[in-house]
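Undergrad: need a structure here:
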Amino acid sequence: MIKRFRDFSIQNKLMIIILSVVFIVAGMLMIITLMDKITTTKQNLVDNTLLNARITGQYCSAGLYFQRIDAAGEALEKLSVTSNILNARVYDETGEIFAGYDRVPIENEILKKYNLRRESHIFDENGLIVIHPLTYPDNYLGSLVIRASTEELDREIKSHIQFSFFLGILLIIISYLLAWMLQRKISGPVTELAKVAKKVTEQGDYSHRVKKHGDDETGQLYDEFNYMMEQLQKRGIERDAAEAALRASEKRYRELIENQGEGIAVIDSEGVFRFTNPAAHKIFGIDGKSLSTWSIDRFLSKEQQWFFQRRVNSLAPGNKLTYELSITNFDDKNIDLLITATPDYDEYGTYQGSFLILRDITARKKMEIELRKAKDKAEQSDRFKSEFLAQMSHEIRSPINVILSFTNLLKDEVKEKLDGEFVDCFDSIDSGGRRIIRTIDMILNMSEIHTGIIEISPARLDLNNNILPGLIREYRGMASSKGLKLFFSNPRNLDFCILADEQSITQIFSNLVDNAIKYTKEGQVEIISSLDKEQRPVVDVVDTGIGISEEYIPYLFDVFSQEETGYTRKFEGNGLGLALVKKYCELNNAEISVDSKKGVGTRFRVVFDKSAIIAM
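TA: Here you go, the predicted model:
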């Protein structure tokens, strides 16, 4: 195929190249655009249906909670304003239908066959099925299942495909016309010149001429061809015409070299300059003078000389070497150069010298320095942003503390006058407020780490007799309220201290113990102190909780990362706790790892560096 392509005319080659590039690029772009539109269209349908499910589910939750079928039915009837919703069912916690809405008939088992306790969506032959669990306040009451029609989605996808198809046809036609017109501009003059040359060869008539259409390279080629024909016609074919063409070619070559913006130099095997153009003179700081008595070693350090000679002499014939170096020219200016060296060998393989192209890249180097400064400035702006976040978090926390204080005062004043259900509202306000404060504290801590303003004060810490037993006492009440056992184990009766920051170390194990209790429904939470095989201090926090899925573990320590998200998650949290634990471990030169199995439990392990141990 490649051999056949070589035999094609320039016209056909240009057509094939232009059309191939256009087809490949345009085809990939159209496919990507089409897939993006289809994905976006499907996601819009899912998002809209999920939104309807969540809004309607709020009303249905109350109906389920108070066993008001009419209230749930009225909420479902409101879905009639959305034309693409075909059916809706509310199932109670046992999976039995509680209320329903049908725009078109459908068998109940079609909507009931999926997992009703997890929010999800499924595309199947029945359309889009959206499942939204209903809770009130945190207890599972049942589920809302909505079936939406995908006819409009199918029409939009079909429309996108048709549009892409017709656009592709139009693009092929336009590309062909443009390629045909463009190739004529390039191949036409060459073809015309080939025809005239063929006539000269076949007829032996040197009076033929080609008509010049411009002053570009083709026009210059026409001039040379016509000039050659004139010389052949006037003086004969062989020596006179060859000499005239050689002189003209040499003149143009010298003019090209002399007027070249890049420095050009030729050196012999000893590194002495044999030829330099004006641009090279300017680079070396000797405008109007000659370099013929100087060697390139004058401008190179010993290391640069060694590198140049070793690398150039090792090049195979026809290869090039390009590298950067800094020199000081005759004007005592520091110049950054990009040198491309092409070595020259005689027929016996002996190195004769090199052809050098010299490019002054001093301005480019300065630009790179400016870009690095701009990057540093952008990073500084990012630090300012984190500082601003820390300040704003502080300003938010203060009024929330005031609100909580006055809420507790109001509770003390009116708790004897209100029903227990209303008194519980004060506890909800207090719990929610403290949750906000915890979140703000974590944001403040993370901001301090990101801005680099956190202060670490290493001190002698007794983990086994002070820090860890203190956490047991602090969280024992929280564990007891959930019926959990919380205890500390030191099987080897280790007695040592470590050098670390007390506040951050306390935060590490406080977060780990808090999480362990939060995500454990029954069983126990144990803190174990030991030494590993390398005699490094190790603290394990082990629970019999819900565990962590294997897929989520790589993202466990990411900021704002949570395994369960959305309105249906069972546990509160903001995804900052473990991210802070990871940062605090790094600040104390410690390592943290996790081993967990879903439904069995989790083990967090913190390993301190051996050098942190301090004798008692």
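Undergrad: the helices in the chain, which residues?
TA: 2-7, 10-65, 69-77, 108-112, 151-203, 217-235, 239-258, 278-284, 302-313, 362-414, 420-451, 468-481, 502-518, 577-587 (DSSP state H).
Undergrad: Lowest mean pLDDT across those helices, which one is that?
TA: Of all the helices of the chain, the minimum mean pLDDT falls on helix 2-7 (a mean of 58).
Undergrad: the longest strand in the chain is where?
TA: strand 334-345 (DSSP state E).
Undergrad: And for the residue nearest to Leu153 when sequence neighbours are not counted, the neighbour number?
TA: Using C-beta to C-beta, 6 or more residues apart in numbering and skipping residues adjacent in sequence, the residue nearest Leu153 is Leu45, 5.3 Å away. The C-beta positions use only the backbone N, C-alpha and C, and glycine is treated the same way. Leu45: 22 surrounding residues under other C-beta atoms under 10 Å.
Undergrad: residues in contact with Leu45?
TA: Asn84, Leu128, Ala148, Thr150, Glu152, Leu153 (C-beta atoms under 8 Å, 6 or more residues apart in numbering).
Undergrad: With respect to Leu371, which of the residues you listed is nearest?
TA: The closest of these to Leu371 turns out to be Leu153 (C-beta to C-beta; 46.7 Å).
Undergrad: The closest one is in contact with Thr41, isn't it?
TA: Yes: counting by C-beta atoms under 8 Å, Thr41 is a contact partner of Leu153 at 6.0 Å.
Undergrad: follow-up on the earlier one: the contacts of Leu45: which two are farthest apart?
TA: Longest span within the contacts of Leu45, C-beta to C-beta: Leu128 and Glu152, 10.7 Å.
Undergrad: which one of those two has more residues nearby?
TA: The neighbour comparison of Leu128 against Glu152 (other C-beta under 10 Å) goes to Leu128, with 23 against 13.
Undergrad: Spatially, and excluding backbone neighbours, which residue is closest to the more buried one.
TA: Ala148 (4.3 Å).
Undergrad: Check Arg68 too.
TA: For Arg68, the spatially nearest residue (C-beta to C-beta, 6+ apart) is Ala62, at 7.4 Å.
Undergrad: Can you report how many residues neighbour that neighbour?
TA: For Ala62, the neighbour count with other C-beta under 10 Å is 16.
Undergrad: Same check on the one 5 residues further on?
TA: For Gln67, the count of nearby residues is 10 (other C-beta under 10 Å).
Undergrad: about what we covered before: ok, the longest strand of the chain: who's next to it in the sheet?
TA: strand 321-328 (antiparallel), strand 351-360 (antiparallel) (DSSP bridges).
Undergrad: So which bits of it are buried?
TA: Using 16 or more other C-beta atoms under 10 Å as the burial criterion, the residues of strand 334-345 that qualify are Ile335, Asp336, Leu337, Leu338, Ile339, Ala341, Thr342, Pro343.
Undergrad: would you turn these into a markdown table with distance to Arg247 and pLDDT?
TA: Formatted as a markdown table, these follow (distance: C-beta to C-beta, whole Å; pLDDT from 0 to 100):
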| residue | distance to Arg247 | pLDDT |
| --- | --- | --- |
| Ile335 | 36 | 77 |
| Asp336 | 39 | 78 |
| Leu337 | 34 | 78 |
| Leu338 | 34 | 77 |
| Ile339 | 32 | 80 |
| Ala341 | 30 | 79 |
| Thr342 | 26 | 80 |
| Pro343 | 29 | 80 |
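Undergrad: Glu526: which of the residues you listed is nearest?
TA: Asp336 (63.7 Å).
Undergrad: was I right about that closest one contacting Leu358?
TA: No: counting by C-beta under 8 Å, Asp336 does not reach Leu358; the two are 11.1 Å apart.
Undergrad: Neighbours of the residue nearest to Asn84 when sequence neighbours are not counted, how many?
TA: With C-beta to C-beta, 6+ apart as the criterion, Asn84 has its nearest non-adjacent residue at 4.7 Å, and that residue is Ser149. By the measure other C-beta under 10 Å, the count of residues near Ser149 is 18.
Undergrad: same question, the one 5 residues further on
TA: The burial metric for Asp154, expressed as a neighbour count using other C-beta under 10 Å, is 11.
Undergrad: How about the contacts made by Thr520?
TA: So Thr520 contacts Lys482, Leu484, Asp543, Thr544, Gly545, Ile546, Gly601 (C-beta under 8 Å, 6+ apart).
Undergrad: now the residues you listed in a markdown table, with pLDDT and neighbour count?
TA: Below are those laid out as a markdown table (pLDDT from 0 to 100; neighbours: other C-beta atoms under 10 Å):
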| residue | pLDDT | neighbour count |
| --- | --- | --- |
| Lys482 | 87 | 13 |
| Leu484 | 92 | 21 |
| Asp543 | 93 | 26 |
| Thr544 | 92 | 19 |
| Gly545 | 91 | 23 |
| Ile546 | 90 | 20 |
| Gly601 | 92 | 21 |
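Undergrad: now, among these, which is nearest to Phe123?
TA: Ile546 (29.8 Å).
Undergrad: so what's that closest one up against?
TA: By C-beta under 8 Å, 6+ apart, the neighbours of Ile546 are Tyr519, Thr520, Lys521, Lys598, Gly599.
Undergrad: and of these, the nearest to Ala279?
TA: Lys598 (70.6 Å).
Undergrad: On the pLDDT front, check the closest residue to the closest one other than its chain neighbours for me.
TA: In this structure, Lys598 finds its nearest non-sequential neighbour in Gly547, 4.3 Å apart by C-beta to C-beta, 6+ apart. Gly547 is assigned 89 on the pLDDT scale.
Undergrad: swap in Glu526?
TA: 93.
Undergrad: is it true that it touches Thr544?
TA: No: contact criterion C-beta under 8 Å: Glu526 and Thr544 do not qualify, at 9.1 Å.
Undergrad: circling back to that earlier point, okay, the buried residues of strand 334-345 in CSV with distance to Leu19 next?
TA: Listed next are those as CSV, based on distance: C-beta to C-beta, whole Å:
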residue, distance to Leu19
Ile335, 46
Asp336, 43
Leu337, 42
Leu338, 37
Ile339, 40
Ala341, 40
Thr342, 36
Pro343, 41
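Undergrad: OK, contacts around the residue nearest to Ile122 when sequence neighbours are not counted?
TA: What sits nearest to Ile122 in space, not counting adjacent residues and going by C-beta to C-beta, 6+ apart, is Ile129, at 4.6 Å. Contacts for Ile129 were tallied using C-beta under 8 Å, 6+ apart; they are Leu111, Tyr114, His121, Ile122, Phe123, Val145, Ile146, Arg147.
Undergrad: For burial, what's the neighbour tally of the residue lying closest to the fifth one once chain neighbours are set aside?
TA: Nearest non-adjacent residue to Phe123, counting by C-beta to C-beta, 6+ apart: Thr150, 7.0 Å away. Applying the criterion other C-beta under 10 Å, we find 19 residues in the vicinity of Thr150.
Undergrad: which residues touch Thr150?
TA: Contacts of Thr150 (C-beta under 8 Å, 6+ apart): Leu45, Phe123, Gly127, Leu128.
Undergrad: from those residues, which is closest to Ala53?
TA: Set against Ala53, the nearest of those by C-beta to C-beta is Leu128 (10.8 Å).
Undergrad: Spit out the contact partners of that closest one.
TA: Taking C-beta under 8 Å, 6+ apart, one finds Leu45, Val46, Thr49, His121, Ile122, Arg147, Ala148, Ser149, Thr150, Leu153 in contact with Leu128.
Undergrad: Recalculate using a threshold of 10 Å.
TA: 42, 45-46, 48-50, 84-86, 121-122, 146-150, 153 (C-beta atoms under 10 Å, 6 or more residues apart in numbering).
Undergrad: Pull out the buried members of the residues you listed.
TA: Counted by 16+ other C-beta under 10 Å, the contacts of Leu128 give 42, 45-46, 48-50, 84-86, 121, 146-150, 153 as buried.
Undergrad: Just list the residues touching Val130, thanks.
TA: 45-46, 48-54, 85, 88, 119-122, 144-148.
Undergrad: Tell me which residues of stretch 154-161 come out buried.
TA: Using 16+ other C-beta under 10 Å as the test for burial, stretch 154-161 gives Glu156, Ile157, His160.
Undergrad: Cool, thanks, signing off.
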